[in-house]
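**Student:** missing the sequence, but the structure's below:
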C-alpha cells in the first residue's frame, strides 16, 4: 500500500542583517588555493558585482560562507541544549547517521516526532535523509513482536511529522554601502579598490620551548571594521505553527552565541569577534508566491540588535502567527 504524506508551507521569514567585523577574521582558503610567495593563510575571496555611484563594478572582495555561520550556530546550540552526540567513527556531533537502526527510532521520537521535542535543532538546522522503509525496518528491529498493521501505523505516524530543513543561511558579502564608501575614498586618491583594502597582515610566531627558536608565519585576515550584509530564511510549515516562538528563540540564541564567542578560525586568540545589527524581519506568506501581492509580504519589524530581538521574541512570534492564520484551515489551526 502506498502511503500519502503532505507538508504545507505557510510562509518564509526573511532575516536580513548587517554583520560588523570587530576584530580580524579568518575563514581560510583551502590549501589548493595558496599562492606562491603569498601569506601562509589567506581568507576566502571572490569577484562580485556592486552598484557603485549608479554603475555596475566587479570587485574582488572577501566573504563569509553561509555554511560557516550555520555550522557555528549549530555547534554552539548543541552545547547550550546539551543534546546527545553521536559518531560515525570519524566525527562526533548531534547530526545522527540515520543508517544506525538500533538508535534511530529513539532519536526520531525524541527530537523529530514529538509534539514538543527536547530540542528544535534538528527541525531548524536539518538532519540526514530518512527513507520510509528505513524507519519501518528500524521499528521492526526495535519492537520484535509488532504486528504488520501496527508497524505501518507507527511508521506512518512518525514519518508524517518529518519535514525538510527550515533554516537557510546564505553567503555573506561586504555591504554595498561599505564598498561604495571605500571605493570613493580610493578614487579621490586616484587609486582602485582592491582585495588588499579589506585585509590586514597579522604576523604570528611559534617559539620552541627548549631553544627559543622562532617559527614565524604571516596571516592575511579580514581587518576590523569591515561591514557585511547577509540574509537567512526560515521556512515555516503547518506543523511548526504551535512552536514558532521556540524556533525563533533557537535561531536568535544561535546568533547571540556567535556574538559572545567568535566566528571563523583562531577565535580563542582574539580573531572573529563579530556583531549582528540592523536586523529586519520580513514575512512572506505562501500566498505571496502565488500572486506576488505585496499585502502578503509583511514587515514584522526592524531591530538594532540581537538582544532587542530576544527581549521581544514572544511578540514577534505572536505577530507572525497572527499573519499566518490566513494560510491555515480551521482544522490545521486546531492541531
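**Tutor:** Received it, and whenever you're ready, just let me know what you need. All values reported here derive from a predicted model rather than from experimental measurement.
**Student:** what does the residue in the chain sticking out farthest from the centre show for phi and psi?
**Tutor:** In terms of distance from the mean C-alpha position of the chain, residue 211 ranks first, at 45.2 Å (Cα atoms, centre = their mean). Per-residue torsions, residue 211: phi -100, psi -10 (degrees, to the nearest 10).
**Student:** report the contact partners of it.
**Tutor:** Shown in contact with residue 211 (Cβ atoms under 8 Å, 6 or more residues apart in numbering): no residues. For glycine as for every other residue, the C-beta is placed from the backbone atoms N, C-alpha and C.
**Student:** also the one 5 residues further on?
**Tutor:** Counting by Cβ under 8 Å, 6+ apart, residue 216 touches 203, 204, 205.
**Student:** neighbour-wise, which of those leads?
**Tutor:** The residue in those with the most neighbours, by other Cβ atoms under 10 Å, is residue 204 (13 neighbours).
**Student:** neighbouring strands for the one helix or strand it maps to, and are they parallel or not?
**Tutor:** Element membership of residue 204 [criterion: DSSP states H and E] is strand 199-207. Sheet pairing here is set by DSSP bridges, and for strand 199-207 it gives strand 214-222 (antiparallel).
**Student:** which stretches of the chain form strands?
**Tutor:** 9-21, 45-52, 55-62, 86-87, 92-93, 167-169, 173-174, 199-207, 214-222, 227-237, 274-285, 297-305 (DSSP state E).
**Student:** out of the ones you listed, which is closest to residue 153?
**Tutor:** Ranking those by distance to residue 153, with Cβ to Cβ as the measure, places strand 227-237 first at 22.6 Å.
**Student:** helices or strands up against the closest one?
**Tutor:** strand 9-21, strand 167-169, strand 173-174, helix 176-188, helix 244-259 (3 or more Cβ pairs under 8 Å, 6 or more residues apart in numbering; DSSP states H and E).
**Student:** of all these, which one is nearest residue 76?
**Tutor:** Comparing those by Cβ to Cβ, helix 244-259 comes nearest, at 4.0 Å.
**Student:** quick one: that closest one to chain centroid distance?
**Tutor:** From the chain centre to the centre of helix 244-259 is a distance of 10 Å (Cα atoms, centre = their mean, to the nearest Å).
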